[in-house]
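1. model this:
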Amino acid sequence: MPELPEVETTCRGIAPHTEQKNIASMTVRNGRLRWPVLPELPAKLKGRQLLAVSRRAKYLLLRFDIGTLLVHLGMSGSLRIVAPDADIGKHDHIDVAFNDGTTLRYNDPRRFGAFVWHEGDDVSTSKLLSHLGPEPLSEAFTENDLYQRAQGSTQPIKSFIMDAKVVVGVGNIYANEALFAAGIHPLKAANKLTRPKAQLLVAAIKTILAHAIERGGTTLRDFVGGDGKPGYFAQELHVYGQGGKPCSVCAKSLTEKRLQNRTTVYCTHCQR
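-> Numbers count the residues shown, from 1 in each chain. Just a heads-up that it's a prediction; the model follows:
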C-alpha cells in the first residue's frame, strides 16, 4: 500500500504539471472505487481551475474554488502525468485532462482507492479528515504529545503509532523502521513507553519519513510516482522485508511475526 512518503512523492510530482490550470474534461471509465465516483463530478469540474495540490495524511487534496477533490490511492493506485494520446490500460479508470493538453491519469488494479468530492472551503471538516491526528513532520507531533496519548493505551506500540488518530501516515513499513531505529520492541504495550523512548521514537519517525520523501518513497511492487518513476528508499530498509536476515547492528537473526495481519520484523537483541 502506498504510504505517506509515496503520497507526498505523488503530490510533489503532479503539482507542477497541474496547478493553476483549467480542466478541459474528466473521463471516468470505471467509477466503482472504494466509494462510487459521483456521476456529476466531471460536469462540476469542467472549466474549473485547479488552484492547489496538497496532502493530508494519505489523501491528496485537489483544491478548487467551489470545493476539494480528495484522492486516496488505496492499495495499488497511482496518479501520473501521461501524454494525451497515451494508450489506455485495463486499469486506467480516470483521466483528468487540462486545457493545455496535460493529462492526469488514475490507475488502480484493485479499485480500493477513492475520488471523493467535498463541497465548500473547509476540507478539514470532511468526515474523511476530521478525526485525524497530527502530521508526523509537523510541530504538532511532539514527544510530549505521543507520551501523553500512549499512557491510556495497552495496545502494542506498533499498532498505536499506526493509528491515524494518534499520528497520521505511519504505515507498516515505516512503523517497523522507526521502532528499530528507536530500539523499541514492536509488541511492547504503548503505556510502557517512557519519555526518553518517546523522544527517540518521535525523532525516528520524523527522520525516516523525511528521508523517504527525499528519496522518493519506498519502491512497492505496483507503485509509481507522479513523474512515472519509482521511489528508491526500499534498498535502505533495515528490518521491513528482512525477516530471518542478520540485524544490521548486532548481526543476530531478525524475527518476523504477524501483528494485526501485518508483517512485523524486529531484532530481539536491539529492540526492548
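2. contacts and neighbour counts: CA atoms only from here.
-> OK.
3. hmm, who's touching stretch 176-194?
-> 147, 150-158, 160, 197, 200-201, 204-205, 208, 237-240, 264-268, 270-272 (C-alpha atoms under 8 Å, 6 or more residues apart in numbering).
4. give me phi/psi at residue 51?
-> Taking degrees, to the nearest 10, you get phi -80, psi -40 for the backbone angles of residue 51.
5. pretty sure residue 23 is one of the things it touches, is it not?
-> No - when contacts are counted by C-alpha atoms under 8 Å, residue 51 is not listed as touching residue 23 (11.0 Å).
6. which one of those two has more residues nearby?
-> Neighbours per residue, other C-alpha atoms under 10 Å: of residue 51 and residue 23, the larger number sits with residue 23, 22 against 16.
7. in its sheet, what does the host helix or strand of that one sit against?
-> Assigned by DSSP states H and E, residue 23 belongs to strand 21-28. In the sheet, strand 21-28 lines up against strand 49-50 (antiparallel), strand 92-98 (antiparallel) (DSSP bridges).
8. correct me, but residue 28 touches residue 94?
-> Yes - using C-alpha under 8 Å, residue 28 makes contact with residue 94 at a distance of 4.6 Å.
9. how about residues contacting stretch 202-212?
-> 4-5, 136-137, 141-143, 146, 170, 174-175, 177-179, 181-182, 218, 233.
10. cool, and stretch 93-104?
-> By C-alpha under 8 Å, 6+ apart, the list of residues contacting stretch 93-104 reads 14, 17-18, 21-31, 79-84, 105-108.
11. need the buried ones from these selected in PyMOL.
-> Only the buried entries of the contacts of stretch 93-104 go into this PyMOL selection, using 16 or more other C-alpha atoms under 10 Å:
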select buried, resi 14+17+18+21+22+23+24+25+26+28+31+79+80+81+82+105+106+107+108
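12. which parts of the chain are helices?
-> 4-18, 41-45, 143-150, 157-161, 172-182, 195-215 (DSSP state H).
13. leaving out sequence neighbours, find the closest residue to residue 237.
-> residue 177 (7.0 Å; C-alpha to C-alpha, 6 or more residues apart in numbering).
14. any idea how far residue 11 is from the residue nearest to residue 160 when sequence neighbours are not counted?
-> Closest residue to residue 160 apart from its sequence neighbours, by C-alpha to C-alpha, 6+ apart: residue 190 at 6.6 Å. When distance is defined by C-alpha to C-alpha, to the nearest Å, residue 190 is 32 Å away from residue 11.
15. repeat that for residue 237.
-> 23 Å.
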